[in-house]
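Asker: Coordinates for the following, if possible.
(one chain, ligands or ions: 1)
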Amino acid sequence: MATTALLVDGLNVRFGSFQAIDDLSLAIDYGEVRAVIGPNGAGKTTLLDVISGITRPKQGRVIFDGVLDITHRSESAIARAGIRRKFQKPSVFEGLSVRQHIAIGIDVGFRSRLDEAALEDRIGQVLETVGLEREGERLAGELSHGQKQWLEIGMVLASDPKVLMLDEPVAGLTDEETERTAALVRSLVRPDRAIVVVEHDMDFVERIADRVTVLHEGRTLFEGSMDRVRADAAVVEVYLGR
Ligand SMILES: Nc1ncnc2c1ncn2[C@@H]1O[C@H](COP(=O)(O)OP(=O)(O)OP(=O)(O)O)[C@@H](O)[C@H]1O
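Answerer: Modelled structure (predicted):
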């Protein structure tokens, strides 16, 4: 198995005359939690958009699993390949139950390999993983903000992704919910999975990240452990010191 889950190579994204991603290269390994941090407008969400096939780069490539060039694949093909994302804004279906959400997250290809009992088992496992095993029959609209975030993480987990991308998973959560989310993210680490998290909450990042990539103006400003990130003068100058 390749050790590199995602290789981003010489990526450039422009919006009109604005260079959102500027010759960015980085490698994210299986088995790690990688946090991507940086000031507003640094290009973090744009990077996730390119990896998930929503935004087309002007130049550069994204290679998945060592061999598969996903740069010009469709969003659905990239998702089917095993790259899943939780978006920044919670977007649950208020009138559907928690279980129904997880069933939706188990994609058709995966589902066709499961009989009814196996499907129910899978839904139960996912609910237990995200701590919603007692909420299965509730409508998503009745959940707290934190529970909605965990439900969305459950939806992306349901198909057993190789790459899991979480865009601001603790925005708006209480301290206790943030702590639970950190424990949840760490529980999802596996040797054959890479987890990429974009987040502004630095204490949360410190709890979850094996390595941190600091973006600034579409480029990598620094990469390393959170300790080293906190000690880097340039990072303090453009981001942490603010
Ligand atoms: N579709 C678009 N058209 C024009 N400009 C865009 C588009 N998408 C993003 N941008 C601009 O590109 C820059 C990078 O945006 P991006 O959302 O990637 O930043 P970010 O690092 O995720 O910031 P934040 O922390 O605020 O979410 C921003 O200045 C943004 O306004």
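
Asker: Domains in this structure, by residue range?
Answerer: Each structural domain of the chain that the record assigns through the TED database is listed here as a residue range: 1-82+161-241, 91-160.

Asker: for the longest one, the distance to its chain's centre please.
Answerer: If I follow you right, that is domain 1-82+161-241. Relative to its chain's centre, domain 1-82+161-241 lies at 7 Å (CA atoms, centre = their mean, to the nearest Å).

Asker: Isn't residue 101 up against residue 153?
Answerer: No: when contacts are counted by CB atoms under 8 Å, residue 101 is not listed as touching residue 153 (10.9 Å). (C-beta placed from N, C-alpha, C; glycine too.)

Asker: returning to what we had before: using CSV, lay out the domains of the chain together with mean neighbour count and mean pLDDT.
Answerer: Compiled in CSV, the domains of the chain are given as follows (neighbours: other CB atoms under 10 Å; pLDDT from 0 to 100):
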stretch, mean neighbour count, mean pLDDT
domain 1-82+161-241, 18, 94
domain 91-160, 17, 90
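
Asker: how about the ones you listed in JSON lines, adding distance to the ligand?
Answerer: Conversion of the domains of the chain to JSON lines gives the following (distance: least, CB to the nearest ligand atom, whole Å):
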{"stretch": "domain 1-82+161-241", "distance to the ligand": "3"}
{"stretch": "domain 91-160", "distance to the ligand": "16"}
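
Asker: And residue 15, how far from residue 179?
Answerer: Residue 15 sits 37 Å away from residue 179 when distances are taken as CB to CB, to the nearest Å.

Asker: For the residue minimising distance to the centre of the chain, what is the enclosing helix or strand?
Answerer: Within the chain, the residue whose C-alpha comes closest to the C-alpha centroid is residue 165; the distance, by CA atoms, centre = their mean, is 1.4 Å. Secondary structure assignment for residue 165, by DSSP states H and E: strand 163-167.

Asker: and that strand, which strands flank it?
Answerer: Using DSSP bridges, strand 163-167 pairs in its sheet with strand 83-86 (parallel), strand 194-198 (parallel).

Asker: any idea which helix or strand comes after the longest one?
Answerer: Yep, that's strand 194-198 we're talking about. Helices and strands here follow DSSP H and E; after strand 194-198, the next one along the chain is helix 202-208.

Asker: Report all helices and strands that that next one contacts.
Answerer: strand 33-37, helix 175-187, helix 226-231 (3 or more CB pairs under 8 Å, 6 or more residues apart in numbering; DSSP states H and E).

Asker: Which is the succeeding secondary structure element to the last one?
Answerer: The reference is to helix 226-231. Proceeding N to C from helix 226-231, the next assigned helix or strand is helix 233-235, under DSSP H and E.

Asker: residues in contact with stretch 137-144?
Answerer: The contact list for stretch 137-144, computed with CB atoms under 8 Å, 6 or more residues apart in numbering, reads 92-99, 101, 135, 148, 151, 177.
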